[in-house]
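Colleague: got a structure for you, letters missing:
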């Protein structure tokens, strides 16, 4: 099984606030602002998994974890990777996931991102496997994890006009405001049920609208294009608080429309879009 594993796509993270050499203090600082989501145990190590909001949701999830021995001592010399798998009735599939790296400025905290494209339920659920190496010895742990549906649409999975399957996920803004916001997204092609690759040099056109306010738009938006970090970045103009539908159109390197429709007087929205409300 192969997943998308590019370390340069892992988002920049906040450094720890203290230079204390006290292990307890350093540990507290490394997970400050994070909430425990899951504790995984393979009888050799305990893996504590964190996110900022304390849950896994559909869309882009920035994920952190620490590895401890059974005495609670943190491990700081592991190399790791992960494999999220959705167990469905009669089949299974994965989702886009980054490589695992050390959290910026941290000693014992590892991080990356996972993009869940669908929520789990009682009979169809996600499992997360973390594989890691410590002192040339291989270890692995697998646990079921709960993935809930995001309150807002943050990810789109679809087949394009070129018959390829794509996944687009919103990364930023997490906390939108009345302003011209920095906007970033990631774009993947699903090559197989277990393989996802970054799509290069496409354009994601955006058209934010307020359906509850006569579908008005906003000025000074900048369409998303790929930057050096392989993220798609642009500018999202939000002129007032409320519910916004961010209509999307995906174009390939030849400026051919792959998916999505323009907003017109006859068409109120695209078939692919993100949502935000604040």
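Modeller: Arrived safely. If you're wondering where the values come from, they're calculated on a predicted model, not measured in any experiment.
Colleague: so where's the stretch 101-250 of the chain uncertain?
Modeller: Applying pLDDT under 70 to the stretch 101-250 of the chain picks out no residues at all.
Colleague: the strands in it, which residues?
Modeller: 101-102, 110-116, 125-134, 137-145, 147-148, 155-159, 165-172, 179-190, 196-198, 203-209, 222-226, 232-238, 243-251 (DSSP state E, counting those that start in this stretch).
Colleague: how about a markdown table for these, with mean neighbour count and distance to residue 39 added?
Modeller: Placement of C-beta: from N, CA and C, glycine included. Shown next, in a markdown table, are the strands of the stretch 101-250 of the chain (neighbours: other CB atoms under 10 Å; distance: least, CB to CB, whole Å):
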| stretch | mean neighbour count | distance to residue 39 |
| --- | --- | --- |
| strand 101-102 | 16 | 20 |
| strand 110-116 | 23 | 15 |
| strand 125-134 | 18 | 12 |
| strand 137-145 | 14 | 9 |
| strand 147-148 | 18 | 17 |
| strand 155-159 | 18 | 26 |
| strand 165-172 | 21 | 26 |
| strand 179-190 | 20 | 28 |
| strand 196-198 | 18 | 27 |
| strand 203-209 | 20 | 37 |
| strand 222-226 | 17 | 37 |
| strand 232-238 | 20 | 34 |
| strand 243-251 | 22 | 36 |
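Colleague: Identify whichever of these lies nearest to residue 62.
Modeller: Proximity to residue 62, assessed across the strands of the stretch 101-250 of the chain by CB to CB, is greatest for strand 110-116 (5.3 Å).
Colleague: returning to what we had before: turn the strands of the stretch 101-250 of the chain into TSV, columns for distance to residue 215.
Modeller: Formatted as TSV, the strands of the stretch 101-250 of the chain follow (distance: least, CB to CB, whole Å):
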stretch	distance to residue 215
strand 101-102	42
strand 110-116	29
strand 125-134	36
strand 137-145	38
strand 147-148	29
strand 155-159	20
strand 165-172	20
strand 179-190	20
strand 196-198	33
strand 203-209	5
strand 222-226	19
strand 232-238	15
strand 243-251	9
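Colleague: Of these, which is nearest residue 40?
Modeller: strand 137-145 (4.6 Å).
Colleague: picking up where we left off before, can you tell me which of the strands of the stretch 101-250 of the chain comes nearest to residue 73?
Modeller: Closest of these to residue 73 is strand 125-134, at 11.8 Å (criterion: CB to CB).
Colleague: so who does the residue nearest the centre of the chain touch?
Modeller: What sits nearest the mean C-alpha location of the chain, by CA atoms, centre = their mean, is residue 60, with 2.1 Å. Shown in contact with residue 60 (CB atoms under 8 Å, 6 or more residues apart in numbering): 113, 115, 154, 155, 169, 170, 171, 186.
Colleague: Report the separation between residue 232 and residue 250.
Modeller: Separation of residue 232 from residue 250 (CB to CB, to the nearest Å): 10 Å.
Colleague: Need the overlap of contacts for these two.
Modeller: With CB under 8 Å, 6+ apart, residue 232 and residue 250 have common neighbours 187, 202, 204.
Colleague: Report the mean per-residue pLDDT for stretch 59-78.
Modeller: On average, the pLDDT along stretch 59-78 is 98.
Colleague: what's the span of that stretch, first residue to last?
Modeller: Stretch 59-78 has an end-to-end distance of 27 Å (CA to CA, to the nearest Å).
Colleague: Identify each buried residue in that stretch, please.
Modeller: Using 16 or more other CB atoms under 10 Å as the test for burial, stretch 59-78 gives 59-68, 74-76, 78.
Colleague: Could you check how far stretch 95-104 is from the centre of its chain?
Modeller: 10 Å (CA atoms, centre = their mean, to the nearest Å).
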